[in-house]
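Participant: Mind looking at a prediction? Sequence and model below.
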Amino acid sequence: MHRSLESMRSSGFASFHSSMSETLGGAKMVCTINLCLLFSLGS
């Protein structure tokens, strides 16, 4: 029982982590594009 719970939790964490890193990567890209636009418009 405990072992299956552990494996379920670790696999769930792995999928959660991958989706989080994907979301963070997309957010970082959008932030970078917005910053570039701000700088090009501001200068």
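Facilitator: Thanks, I have the structure now.
Participant: What is the three-state secondary structure of residue 16?
Facilitator: helix (DSSP: H, G, I helix; E, B strand; the rest coil).
Participant: ok, it - contacts?
Facilitator: If a contact means C-beta atoms under 8 Å, 6 or more residues apart in numbering, then residue 16 has no contacts. C-beta here means a position set from N, CA and C on the backbone, and glycine is covered the same way.
Participant: any idea how far it lies from residue 25?
Facilitator: Separation of residue 16 from residue 25 (C-beta to C-beta, to the nearest Å) stands at 15 Å.
Participant: for residue 36, same thing?
Facilitator: In this view, residue 36 and residue 25 are 17 Å apart by C-beta to C-beta.
Participant: Quick check: which ranges of this structure have low pLDDT?
Facilitator: Low-confidence segments of the chain, defined by pLDDT under 70: 1-2, 43.
Participant: go again using 90 as the cut-off
Facilitator: 1-21, 41-43 (pLDDT under 90).
Participant: any chance you could map the helices in it?
Facilitator: 2-42 (DSSP state H).
Participant: how about stretch 36-43: buried residues?
Facilitator: Across stretch 36-43, burial judged by 16 or more other C-beta atoms under 10 Å covers no residue at all.
Participant: Revised request: answer the last question for stretch 8-26.
Facilitator: Under 16+ other C-beta under 10 Å, stretch 8-26 has no buried positions.
Participant: what about that stretch, distance to the chain center?
Facilitator: Distance, stretch centre to chain centre, for stretch 8-26: 7 Å (C-alpha atoms, centre = their mean, to the nearest Å).
Participant: Kind regards, and thank you for your time.
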